[in-house]
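S.K.: turn this into a structure:
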Amino acid sequence: MTPFGEKLRALRAERGISLGEMAEAIGVTPTYLSALEHGRRGQPNWVFVQRVIHFFNIIWDDAEELQRLADVSHPRVTVDTAGLDPRATLFANRLARRIGELDGATLDELLKTIEPKKPR
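M.R.: As a prediction, this is how the structure comes out:
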């Protein structure tokens with residue numbers, strides 16, 4: 001599941017909307033919507049995200065957050081380490097091989113390490 005897919009599923013659950021109802025309302029198939037939620041489809045495009053925002057009547061910060069989640073939700077990532085420190089290539093390759101073995105706590109630690117610091 002991708003961050004966008006997780007949020008989409010949570011929004012549907014909060015409002016008691018079935019996959020089929022939402023798919024019909026925004027003009028996609030239930031199969032596509034399910035695949036998107038489960039991370040078996042590529043990153044959603046801007047038009048699709050706008051349909052979701054309008055469907056759920058999401059405004060301001062929540063709409064921006066949904067778009068941000070879509071932007072970081074490509075389930076098949078390519079990392080180009082050409083020209084970088086050799087340790088970057090080593091890290092990317094090890095991560096690619098072992099990411100499925102990492103538990104939630106470890107993922108949270110890695111995310112904290114690489115997230116940009118927020119200004120105070």
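
S.K.: just for the chain, where's the confidence low?
M.R.: Residue ranges of the chain with pLDDT under 70: 119-120.

S.K.: care to break it down by domain?
M.R.: Domains of the chain are assigned by automatic domain parsing as 3-71, 78-120.

S.K.: pipe these into TSV and attach mean neighbour count per row.
M.R.: Every C-beta, even on glycine, is put in place using the N, C-alpha and C of the backbone. What follows is the domains of the chain, written out as TSV (neighbours: other Cβ atoms under 10 Å):
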stretch	mean neighbour count
domain 3-71	15
domain 78-120	9
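
S.K.: residues touching W60, list them.
M.R.: If a contact means Cβ atoms under 8 Å, 6 or more residues apart in numbering, then W60 has no contacts.

S.K.: for it, what are phi and psi?
M.R.: Main-chain torsions, W60, degrees, to the nearest 10: phi 40, psi -120.

S.K.: ranges for the helices of this structure?
M.R.: Taking DSSP state H as the criterion, the chain carries its helices at 3-15, 19-26, 30-37, 46-56, 60-71, 86-98, 104-114.
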